Each structure stands twice: as structure tokens, then as C-alpha cells.
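J.: Quick one, fold the following:
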Amino acid sequence: MVYSYYPGCTLKNKAKDLDMYARLCAEKLGFSLEEVEQWQCCGGVYPLGSDEIGTKLSSVRVLNDARERGQDLVVACSACYHVVKRVNDDMANVKDINLRANNYMNLETPYNGETTVLHYLEVLRDRIGFDKLKNAVTNPLTGEKIAAYYGCLLLRPSSIMKFDDPENPTIIEDFIRALGAEPVIYPYRNECCGGYISLEEPDSAKRMTDEILGSAGSFGADTVITACPLCMFNLRKGLGERDIRIEYFTETLARALGIVEEDSDEND
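T.: Numbers count the residues shown, from 1 in each chain. Below is the predicted model of the structure:
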């Protein structure tokens, strides 16, 4: 299986581990990620203005590139996935946005939302299968208690994202089980970490991360995994004296597949 791959800006600098392990694990599991050529930043935030077109064009370019290759588009970053998938829905269902974006792009064939956008975790669940993933594990994470942190971007709006049940998701817990670890279910796994307000309202962001990490810790988690670089930054910043590891889900996967032999201490 070969997929077009959109890494996004952060995976080229602060979130290199999310990208590197995604690529290495894909190779180990038998599928290929072909990075889209000349991709641009997705903007990191989906623009809510109904007349905002300019910041959506980079997503349209990526989506069209995947269409021209005849491939589904895979994204590993939660924020990029959120933006690209919502823009794809706009191009398929919002006539005004579709018309103005296509007029600006001047494509040979107008883009109308034909590309399937998949999060890396969806590839593991729906294309590889968690049973096959379990069989590929060479270093089962037996004894580890791992809490999934979904945050807000993967799940909502559920009518467009269609990633999982927005109130009671299971995909990351099933992923954790396939790696041989014990998933920790805790109340704040779907709540926002305050990443987008961490500079403007640091006290509010700290309160939000305290609730998330306190909840995960009280239910016995020794590790919290995420797919979002901004969530990663914010959760690590809010760790304080807590003895909880925060890591990208791709690193957890790499450890289970034997790609990473020793845990790297990213929390320092």
C-alpha cells in the first residue's frame, strides 16, 4: 500500500520524532508514505470565517496532489489532520468555497473533495488492522499502563472528522492493547489541553493540563500518548513533579515494533 503523506511544519522541526517514527513503523508494517512535493503549512487552525479562502488553499493543493497521484492522503499530526480534512469537506460540500478556491487555483480539473484523508491511526485500524499489528509486535509493552490523550482536534466536529465516537472513542485504546500494554481510561482524555491559549491565558491552560494529567495519574497511568505536537508541548510543560511520561503514539509504536530499544527521555 502506498499513500501520499502530508507531514506539516512542526513534524519537520519540534515534532521530528512523530514524523521519523511514523515513517519507520510504516516501512516495518508494509506500507509506504510518499511525502507530497512542495507542500505548504496548513495554517494549524481551521479558519471559521465563511469568506476565508486564502488560508485553505495550501490544503487544497495537497489534496489535489494526492488526487492526481491516485492515492489516499495520510496525516500524523492531529492539527494538520483536522484542518486538511475539514477543508476537504468544504471542497466537497460548500459550493461557494469550492467555486472561489477552484477559481483561484485554476486547476486543469477542478478539485471537488475526491481525496480520502486518513489519520495514521486510521491506517493502522482500517487498512492494516490491529490484529495484524499485534502479530508484528516484537517487544510487547507488557505491564505498561498507557493513557490515550485524544484532545479536541481528532474527534470534533464528529460529522466531518468521523474519526471515532466523540464522547467514547476507542481507537487509541485498541491501539494500546495491540502493543501489549494496558490502556488507562480516564475522564479527561477528550478534553482540550488549552494549547491555543497557552501564551495568552497561561493560567487557564495550566488548569486544563493539571486536570488532564491529574486525572490520568489518578487512574494509574505511567505514560500518556498523543498525536498532537501542541498537546505534547502543553502537557509536558504542565507535568511539574508528576512521574508520567508523555510521548507521541508513533514512538510508542516504534518501541513495540523493536525499532526503539531504549526509552528516550523526552520529558527533560
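J.: Helices of the stretch 51-200 of the chain, residue ranges please.
T.: 57-69, 78-93, 95-105, 120-122, 130-136, 158-161, 171-178 (DSSP state H, counting those that start in this stretch).
J.: what about those helices, which gets the closest to residue 228?
T.: Nearest to residue 228, of all the helices of the stretch 51-200 of the chain, is helix 78-93, at 3.8 Å by CB to CB. Just so you know, the C-beta spots here come from the backbone N, C-alpha and C atoms, and that holds for glycine as well.
J.: Low-confidence stretches in the stretch 151-268 of the chain?
T.: When residues are selected by pLDDT under 70, those of the stretch 151-268 of the chain lie in 261-268.
J.: which residues of the protein fall in strands?
T.: Per DSSP state E, the chain carries strands over the ranges 2-6, 32-35, 73-75, 117-119, 145-148, 182-184, 223-226, 245-248.
J.: For the fourth one, give me every contacting residue.
T.: In other words, strand 117-119. 3, 63, 72-76, 78, 81, 84-85, 88, 126-127, 154, 163, 227 (CB atoms under 8 Å, 6 or more residues apart in numbering).
J.: from these, which would you call buried?
T.: Buried by 16 or more other CB atoms under 10 Å: 3, 63, 72-76, 78, 81, 84-85, 88, 154, 163, 227, out of the contacts of strand 117-119.
J.: picking that back up, winner for burial among the strands of the chain?
T.: Counting by mean count of other CB atoms under 10 Å, strand 73-75 has the highest mean neighbour count of the strands of the chain, with a mean of 26.
J.: Could you list the paired strands of it along with their orientation?
T.: Paired neighbours of strand 73-75 in the sheet (DSSP bridges): strand 2-6 (parallel), strand 117-119 (parallel).
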